[in-house]
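Peer 1: I need the structure of the sequence given here:
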Amino acid sequence: MPLHQLSLDSEFRLRLTPAPGRAAPRLWVQRLAVWAEPGVDPIRNVQLRRGLNVIWTPDPIEEAQAQTAGLPQGAGKTTFCRLLRYCLGEDSFGTEADERAIRRKLSSGFVGAEIVINSKIWAVIRPFQSESSCLVWEDTSLEVAERDFAKTDEKSSTKPIARVGKRISEVIREELLGEFPKLMPAEVGEESAWIAALAWISRDSKCAFTDHLEWRHVKCESKSPVTNIASEKRAMIVRALLGALSLEERERYEKREKLIIEGKKHQDDIIRLDAEIKERSERISKRLQVSSATPPDLQCLRDAVDKLYPKSRKRTAKQNPDDLETRRRERDDAIRQLAELKLRQSTVNIQIEETKNAIARLGSLGSDLRTCSDFDIDAICPAADVPIREALSRGCLLSHPLNRSVGKAIAAARTDLAALENESPQLEQKIKEIEEVSANLITLVGTLEITMSSPKSRVAEAERVHLQIDELEKLIDNRKRLDQAVEKIRQSLDAVKIELTGMRKSGSDVLQAFSLLFEAIIRDLLPGDIVDKASLSGNELRLQVKRGSKTLADGFEAVKVLAFDLAAVALSIEKDTFHPGFLIHDSPHAADFGNSIYHRLFHLILWMEAFGKEPLFQYIITTTTRPPKDVCCKPWLIERFYSSPASSRFLAIDLEA
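Peer 2: Below is the predicted model:
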């Protein structure tokens, strides 16, 4: 018999076949109560049921009642969910601000729950003042547990003695999860396995049903181990909870991760080594006065050492101190001459530019034959573009008695320009020649200084450079070994990839069943023929909903997330998974998918209740939108909370006052 079938003659196409012997959810909460202090009646006592449980904060306008004045937000829906999670083992029951407010208002308060695990009742009490305190009773009602707790003398150091010396998260892990904790990513660990599973089945409202693998929002301050881990790791938790991840596959994932980390470390070391090899090679090459190569030519460097630092050499007549001093003077003269030539080159370039500008200005005067004496002496010279007084002091062409016309002035300027432009390339050639002479003299002086030193000092210097080359060779050898290690890691990763591909096939039956249930629920939630195909694909269980060849718009994301969670609950009914068949949805907004789909969600849950003598799951939903009329009543409507007055809120107090 197939896990489910699509019926064309029914509005509901989901069909479930409960697993043999399945008569109840593996975990469900039958009661949650809050006390202001021990020994008094609880300020809130919420009785829950198997199947659908609706916590509703009505819109005051819809209710049209004076006592409900205010907004539907702030009535305590999320606080109810957080305290329920607190009783199930989570280490916080609100943001830091909310926890401080609750502790201030309920300084002696505590919360308790009756949790049914594999048909056995466990009572849990957790005081607000100490997050580390978690008292557990086996086969005990919450009333009995509360009486035991109340017997404690507040003035003494005696602590209440529970009948089980474990936290509820430990109890659930041992009673319910089997091999599941061993499948956890390293960032989560075995001890936090249940808390990681709880994150998925009771996702934060601030995650807003935008992503099926986003469960704990950082602003909710839940201290959950899944808050900042990669989505791939959360997908592993999903697969493990569904029974679609084997221990061998988990070990291969861990091996792959270690190989990736090791490979990245090697790559970082290679980058560091490359930079060090380049720096050392350039330093040695500069010392030996040879060109630097990439990769370094070690033999070339060693040959250069032997050439530059001969082990024994007798001085010749050409290697006397006077010869060294002569070469030093020649080197210094060449450097000085080079500086003078470069200065003259700069001056010529400036004069060429100024002369060209003067010719242009003179040309603008046309055939004007006026001389400087024809102008006011303080006026601006039209040719030199400076005051006439300054132009005359410089020896202006126009003021010369033999050059009275502008034309003659332009001709003289052009003559000067030609001379300057002829000098410029000559200077360029001389500079190149002197640069070459200067470089040769610098090298020659360096060589003479070495050869003029004592043989003992030359040998010592050669040994130092050889040692530097040996160290460079070690770096290069390390670089080669890292290349080999990276290649070995690549081959190992390829092998692990092949192994994982084979191992994933062993869990493909479960994931295929999960995907089919997801598709059936999507079809039930979306009216008409909107969906042609819905599936889960890839290692991260990507949700795909298509019509024809087109993927549905992002506006359906909340519907896909709801369907994903409900498909997991449905799978827990049909198969022996680690999923407890327990689910909390805190305030999915009807505005995210419309009233029609919102109503179909409730009817789908009622339909799922019918598979079994009693519901085989527990689904708790809080909402500000009125549920469908046939659901907005007992037994499904568990509680109504209001934001005003404060006594109508879940904790019956104003936390902000």
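
Peer 1: okay, CA-based contacts and neighbour counts for the rest of this
Peer 2: Will do.

Peer 1: for the residue nearest in space to the middle of the chain, give its distance to Thr17.
Peer 2: By Cα atoms, centre = their mean, the chain has its centre lying nearest to Ala230, at 8.4 Å. To Thr17, Ala230 is 34 Å away according to Cα to Cα, to the nearest Å.

Peer 1: can you check Ile195 too?
Peer 2: 29 Å.

Peer 1: next one: Phe617
Peer 2: On the measure of Cα to Cα, Phe617 and Thr17 end up 14 Å apart.

Peer 1: strands of the chain, start to end?
Peer 2: Applying DSSP state E to the chain gives strands spanning 27-35, 44-47, 51-56, 110-117, 120-127, 135-138, 533-537, 542-547, 550-551, 582-586, 618-623, 637-640.

Peer 1: just name the shakiest helix or strand of the chain by mean pLDDT.
Peer 2: One helix or strand of the chain scores below all others by mean pLDDT, DSSP states H and E: helix 60-63, with a mean of 62.

Peer 1: nearest to Leu288, out of the strands of the chain?
Peer 2: Of all the strands of the chain, strand 542-547 sits nearest to Leu288, with 61.4 Å by Cα to Cα.

Peer 1: paired strands for that closest one, with orientation please.
Peer 2: Strand pairing for strand 542-547, determined by DSSP bridges: strand 533-537 (antiparallel), strand 550-551 (antiparallel).

Peer 1: quick check: mean pLDDT across that strand?
Peer 2: Mean pLDDT, strand 542-547: 83.

Peer 1: buried set for it?
Peer 2: Leu543, Val545 (16 or more other Cα atoms under 10 Å).

Peer 1: got the domain ranges for this protein?
Peer 2: 27-245+507-648, 246-315+454-502 (automatic domain parsing).

Peer 1: so which of those domains is nearest Leu338?
Peer 2: domain 246-315+454-502 (21.4 Å).

Peer 1: what about the closest one, distance to the chain center?
Peer 2: Relative to the chain's own centre, domain 246-315+454-502 is displaced by 32 Å; criterion: Cα atoms, centre = their mean, to the nearest Å.

Peer 1: for stretch 240-259, same thing?
Peer 2: 22 Å.

Peer 1: could you list the low-pLDDT ranges of the stretch 501-650 of the chain?
Peer 2: 505-507, 532, 548-555 (pLDDT under 70).

Peer 1: more crowded one of Phe617 and Thr17?
Peer 2: Remark: of Phe617 and Thr17, Phe617 carries more neighbours, 26 against 16, as counted by other Cα atoms under 10 Å.

Peer 1: the more buried one contacts Ala568, doesn't it?
Peer 2: No - using Cα atoms under 8 Å, Phe617 makes no contact with Ala568, being 10.8 Å away.

Peer 1: need the contact list for Cys207.
Peer 2: Glu214, Trp215, Arg216, His217 (Cα atoms under 8 Å, 6 or more residues apart in numbering).

Peer 1: one more pass at 10 Å, please.
Peer 2: Residues near Cys207 by Cα atoms under 10 Å, 6 or more residues apart in numbering: Leu213, Glu214, Trp215, Arg216, His217, Val218, Lys219, Cys220, Asp586.

Peer 1: which residue packs closest to Leu14, ignoring adjacent ones?
Peer 2: Distances taken as Cα to Cα, 6 or more residues apart in numbering put Ala520 closest to Leu14, at 5.4 Å, once the chain neighbours are dropped.

Peer 1: equivalent analysis for Arg626, please.
Peer 2: Leaving aside its sequence neighbours, Arg626 sits nearest to Pro58 (Cα to Cα, 6+ apart; 6.5 Å).

Peer 1: tell me who's in contact with the closest residue to Ile201 other than its chain neighbours.
Peer 2: Nearest-residue entry for Ile201: Leu583, 4.9 Å, with adjacent residues in sequence omitted and distances by Cα to Cα, 6+ apart. If a contact means Cα under 10 Å, 6+ apart, then Leu583 has 27-28, 51-52, 198, 200-203, 565-566, 568-569, 617-621 as its contacts.

Peer 1: picking up where we left off before, and the strands paired with strand 542-547: which comes nearest Phe149?
Peer 2: So among the strands paired with strand 542-547, strand 533-537 is nearest, using Cα to Cα, at 47.5 Å.

Peer 1: need the contact partners of that closest one.
Peer 2: By Cα under 10 Å, 6+ apart, the residues outside strand 533-537 that reach it are 511-512, 514-523, 541-549, 551, 560, 564.

Peer 1: in that strand, what's buried?
Peer 2: For strand 533-537, burial by neighbour count (16+ other Cα under 10 Å) applies to Lys533, Ala534, Ser535, Leu536.

Peer 1: hang on, Thr79 packs against Leu651?
Peer 2: Yes - contact criterion Cα atoms under 10 Å: Thr79 and Leu651 qualify, at 8.4 Å.

Peer 1: which one of these two has more residues nearby?
Peer 2: Comparing Thr79 with Leu651 by other Cα under 10 Å, the one with more neighbours is Leu651, at 22 against 18.

Peer 1: per-residue confidence at that one?
Peer 2: 92.

Peer 1: contacts only, for it.
Peer 2: 33-36, 43-44, 75-76, 79-80, 102, 106, 641 are the contacts of Leu651 under Cα under 10 Å, 6+ apart.

Peer 1: contacting residues for the spatially closest residue to Met503 that is not a sequence neighbour?
Peer 2: Nearest residue to Met503, sequence neighbours excluded (Cα to Cα, 6+ apart): Glu249, at 6.1 Å. By Cα under 10 Å, 6+ apart, Glu249 lies in contact with Leu183, Lys255, Val496, Glu499, Leu500, Thr501, Gly502, Met503, Arg504, Ser506, Gly507.

Peer 1: now flag whichever of those residues is closest to Val386.
Peer 2: Lys255 (82.5 Å).

Peer 1: right, and that closest one touches Val496 too?
Peer 2: Yes - counting by Cα under 10 Å, Lys255 does reach Val496; the two are 7.9 Å apart.

Peer 1: low pLDDT regions in the stretch 151-300 of the chain?
Peer 2: Residue ranges of the stretch 151-300 of the chain with pLDDT under 70: 152-162.
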